[in-house]
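1. predicted model and sequence below, questions to follow.
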Amino acid sequence: MAVASLVLGICSIVMSFISLNWLGVILSIVGIILGSQAKKRADQDQGIAKAGFICSIIGLILCIITLIACVMCVGTLGLASLSAAYHM
């Protein structure tokens, strides 16, 4: 579970940079769950579990920030087109 958490965390960070934010949010949430479960187990993979948990949290934050930024850009473009239509 620790390795899966790390892989999902890294994938969610990559998804935030290639504009697949919705997929990145899903991957990071699953990565957080797997990372927290792996940290509770007494295995030798505690470092990998912690790294996966942290990468998943960073990926979630990045995906949410870029998703909000994309929504704000689309909203701004919509308002700009409406104001241009009213001034004609």
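-> Structure's in. What do you need?

2. going by C-alpha atoms from here, please, whenever you check contacts or count neighbours.
-> Noted.

3. now residue 57: how far from residue 19?
-> Going from residue 57 to residue 19 by C-alpha to C-alpha, to the nearest Å gives 17 Å.

4. do the same with residue 69
-> Using C-alpha to C-alpha, residue 69 is found at 11 Å from residue 19.

5. now residue 78
-> 20 Å.

6. which intervals of this structure have sub-threshold pLDDT?
-> Counting by pLDDT under 70, the chain has low-confidence residues at 84-85, 87-88.

7. what ranges does it have for its helices?
-> Secondary structure of the chain by DSSP state H: the helices cover 2-17, 21-40, 46-86.

8. what packs against the second one?
-> Right, helix 21-40. For helix 21-40, the packing partners by 3 or more C-alpha pairs under 8 Å, 6 or more residues apart in numbering; DSSP states H and E come out as helix 2-17, helix 46-86.

9. the longest one too?
-> Packing contacts for helix 46-86, counted by 3+ C-alpha pairs under 8 Å, 6+ apart, involve helix 2-17, helix 21-40.

10. figure out which of these is closest to residue 74.
-> helix 21-40 (14.9 Å; C-alpha to C-alpha).

11. for the closest one, the distance to its chain's centre please.
-> Relative to its chain's centre, helix 21-40 lies at 9 Å (C-alpha atoms, centre = their mean, to the nearest Å).
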